[in-house]
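1. model the following, please.
(chains A, B and C)
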Amino acid sequence: MASHLPPRPTPQQHQADAGGMAADDHHHGPRGLMRWLLTTNHKEIGTLYLIFSLTMFFIGGIFAMVVRAELFQPGLQLVQPEFFNQMTTMHGLIMVFGAVMPAFVGLANWMVPLQIGAPDMALPRLNNFSFWLLPVAFALLLSTLVMPGGAPNFGWTFYAPLSTTYAPPSTTFFIFSLHLAGISSILGAINIIATILNLRTPSMRMMDMPLFVWTWLITAFLLIAVMPVLAGVITMMLLDINFGTSFFNAAGGGDPVLFQHLFWFFGHPEVYIMILPAFGIVSVIIPTFARKRLFGYASMVYATASIAILSFLVWAHHMFVVGLPLVAELFFMYSTMLIAVPTGVKVFNWITTLFRGSLTFEPPMLFALAFVVLFTIGGFSGLMLAISPADFQYHDTYFVVAHFHYVLVPGAVFAIMAAVYYWLPKWTGHYPHTRLSQWHFWLSVIGVNLTFFPMHFAGLAGMPRRIPDYALQFADFNMITSIGAFMFGASQLLFVAVVVLCVRRGEKAPAKAWDGAEDLEWTVPSPAPLHTFETPPHFEPHRH
Amino acid sequence: MRMRLVWTAGLVACSGLSGSVLANGWNMPVGVTDVSREIHSLHMTIFWICVVIGVVVFGAMFYSLFRYRRSRGAKAANFHEHTTVEVIWTLIPILILVAMAIPATATLKTMYDTSEADLDVMVTGQQWRWRYDYLGEDVAFTSNLATARSQVSGESAKQENYLLEVDEPLVLPVDRKVRLLMTSDDVIHSWWVPDLAVKQDAVPGFVNENWVRINEPGIYRGQCAELCGRDHAFMPVVVKAVEPERFDAWLAERKEAAAQEAMGVDREWELDELMERGEQVYGTICASCHQPDGSGSPPAFPALAGNQAILDDPDYHIDTVVNGVSGSAMPAFRSTLNPVELAAVITYERNAWGNETGEAIQPAEIAELLDEQ
Amino acid sequence: MWRVIKSVLAAFFGVQKESRRHEDFSRGRASHFIIAGILMGGVLVLLIALVASLAAR
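-> Model prediction:
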């Protein structure tokens, strides 16, 4: 590696860039709407991604509220099963592809160039294109709700043949919108890889990069590896539906289980795509507020890579009851158990970073700590689900719903919120309102646990997932869950309030907004000017 | 301080919760088979392992959170690596996992051993009911949700076994090894009874195997576990386990009834007779898609009332019901229903809800058709 | 060669000495590590498959 490095910048260059940073803050391009439509600036595109993601988070959230309202008590009260199935499906699709993934891409757009001392993303026009594909894709997806036959109603995993032979006519639109979202993801991933590998400030080596950059680099490779598989499988669906092929149609000699293999070969790395950047965020925030270097930096990088590689070997643990041969069950059980090891290493490292630190509990730290605890609980249920014989009881019950919501909501979503609180001073020049942020945090933590913890019990007691009505013994759990869900949903309005307030006013933040923060983004003024690091900054690696 | 308060509140909430749910069951059932007991013990083992790890990990974490706060004057130490510690905390989880994998492998091998079964039952998932075939015994029937729709809509009070009751349960003998062969006529379903620890996907075009040996007589309830469309929540599984002698008697009785029905094929049926039988078949099989009043729910499920395409052409109507419509949600009923049931339901559809063809389709006609094909 | 394998093994295990890592990153070639990593990924798959098929007997 070292032999390919360009020479280090001279001190003269370093001084010149400090002056140049703030000077070029005026904007040259078109104004108004066209400015946002045509922008190629990584900060503006990052903002667009984040606003889009927040919008989708609320739309997906409303769908979840409909689901929880119907499940508040047994019987069919508000919606019919057809519509209920559309709600669960759209909730999953929107949250996964519209809220969580774009949020991480938005954070990467904003922060990767700033953390590696790059002036912008490597491919700015492509960046603009990858963002604007998303509103089109999701407008198309949402429009299926008003089409005859209704929106997709076969779950976010869209198992064939329910999603092909038995699907509503709008499925073709769903396929097209997923293609667009997939193209957007691939282009975004290419851009992030190109940026990280080519635009680092010369004195920063790979093993000096902040962990958020590392985890995103690995995530981007995962995206490039698996999004084409998703594109392939939905194209096969398209052919089955519209062109008379029988990939997944048993009557024509096809194989419905093939669909699941292909889907989960994409789907399992996909869940790591949604959690690895979260690991990166937490690994950046915890050292900042512990005022202590991250414990085991190298192990963290290795563990991330290890999780990424293993994620390709475990897909069929989603299919333990589909009738796999015994050898396959054992293979996927063992490989899945192996993943617990690097994941455990990460949790141990975070906790050891806290040990003998000097801790304070600003809002980003609160969310990061909640992430560590609640993600670990999700990890525990994941370990239980890996035990294949026990999975015959857990599979497709609310236990699974509890598991993946623990890793995705207080996991991925809390990490995104931690990141937003952490970097808001850099984006807006103001600190987020402390009281309001704390209210948001505590209501979210209580709401999220009230929502998802009882789901474990409902699942173990025998409640299948994706049902609009349930037997009477599940009534207590569901009522608690629904109350928690309404509470969690409502408290996210506080989040919007905090962000809007922070954009408008608040305590002024200096360039280095948090006293324990070390990375390069804290060397540029707050709010960050439109153009930063036009000449590579000097970077002083930690002395090893 | 605040944190302590929240934790106390949380503990109080948890204990209140466990009080209310203990009565209803909040853990995986131990079940009534050897396999279900093994699975339950695996579940509890891994659960307690997680609890112990959780206490250690979260204990260390919360100790650090209290002990090393800056407000208490903590100064940050400067260490960031310790190879020995890292090796130890990587090795310990590996050892725990190996210890866990060994009993799990043993249980899985037991579950996969479907050899030497005393009885084979074919379980077929259909939108949205289960069909049971006692292979080699000429006994077969479908099992439908028995809960009245008025309970679902809230017009009448919900009974104890709301959504977990069927018109005809699967009857199985205790102390005999029963092999279950799972398949589906349409989409993927999943046959699940928690007390038996059997959950197996029913995949169209494929036959999956599982087995069960029930230790105690009783009624065991479960549900379809794989999203299978609109009425996924409304296709329960009920297994009635009885002593082997009672099972043999029951099977003989069902065989006799099936033979009786088969004889009915040859005789001439009256329109009224067919209508009566047809209404019953329509209610359990057809009404969930085409609606009790024949209005359907287009575009997926066309209306039958006033449907000229079927009324003008009896052969087309018969063909649709017997062979299904490929590429649509309409399944073939040739193997699900016997000739009497087929003739009756077609006759009913041609003469109910204002459809007044006055035609009686004879079972013999259908039987002949089935033979030809 | 042996050094590369040892480093990749350490990466699979997830623990590596800082000094060792430093040495790898200053002296080693990235391509060697990547090739070794892919090959040993394959070895890992075969190993798990072997254990699984032995256990399934």
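
2. so where's the chain shaky on pLDDT?
-> The chain I'm using is chain A. A:1-29, A:542-544 (pLDDT under 70).

3. switch to chain B, please.
-> Residues of chain B that meet the cut-off, pLDDT under 70, sit at B:1-24, B:327.

4. would you list the phi and psi of the residue nearest the centre of it?
-> Chain B has B:C224 as the residue nearest its centroid, 2.6 Å off, counting by CA atoms, centre = their mean. Backbone torsions of B:C224, given as degrees, to the nearest 10, read phi -70, psi 130.

5. and it, what does it touch?
-> Going by CB atoms under 8 Å, 6 or more residues apart in numbering or on different chains, B:C224 touches A:464, B:125, B:128, B:189-192, B:232, B:235-237. All C-beta spots, glycine's among them, are computed from the backbone N, C-alpha and C.

6. B:T284 too?
-> B:129, B:142, B:144, B:167.

7. picking that back up, rebuild the contacts of B:C224 as a markdown table, extending it with distance to A:T532 and secondary structure.
-> Formatted as a markdown table, these follow (distance: CB to CB, whole Å; DSSP: H, G, I helix; E, B strand; the rest coil):
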| residue | distance to A:T532 | secondary structure |
| --- | --- | --- |
| A:P464 | 52 | strand |
| B:G125 | 59 | strand |
| B:W128 | 59 | coil |
| B:H189 | 57 | strand |
| B:S190 | 54 | strand |
| B:W191 | 60 | strand |
| B:W192 | 57 | strand |
| B:H232 | 53 | helix |
| B:M235 | 59 | coil |
| B:P236 | 62 | strand |
| B:V237 | 62 | strand |
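
8. just give me the closest of those residues to A:L366.
-> A:P464 (35.3 Å; CB to CB).

9. what's the longest helix in chain A?
-> helix A:211-242 (DSSP state H).

10. immediately after that helix, which helix or strand?
-> Using DSSP states H and E, the next helix or strand after helix A:211-242 towards the C-terminus is helix A:256-273.

11. now the angle from that following helix to helix A:211-242?
-> 160 degrees (axes from the mean of the first three to the mean of the last three CA atoms, to 10 degrees).

12. now B:R221: which helix or strand?
-> Here B:R221 is assigned to strand B:218-224, by DSSP H and E.

13. if you count neighbours, what's buried in that strand?
-> B:220-224 (16 or more other CB atoms under 10 Å in any protein chain shown).

14. give the partner strands of that strand in its sheet and their orientations.
-> Paired neighbours of strand B:218-224 in the sheet (DSSP bridges): strand B:189-193 (antiparallel), strand B:236-242 (antiparallel).

15. out of those strands, the one nearest B:K255 is which?
-> Comparing the strands paired with strand B:218-224 under CB to CB, the one sitting nearest is strand B:236-242, at 16.3 Å.

16. then that closest one to CSV, C-alphas only?
-> Listed next in CSV are the C-alpha coordinates belonging to strand B:236-242 (Å, rounded to 0.1, in the frame of the first residue of the first chain):
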residue,chain,number,x,y,z
PRO,B,236,-55.9,-22.8,12.0
VAL,B,237,-54.6,-26.3,12.6
VAL,B,238,-56.2,-28.5,15.2
VAL,B,239,-54.9,-31.9,16.1
LYS,B,240,-56.9,-34.3,18.2
ALA,B,241,-54.7,-37.0,19.6
VAL,B,242,-56.6,-40.1,20.8
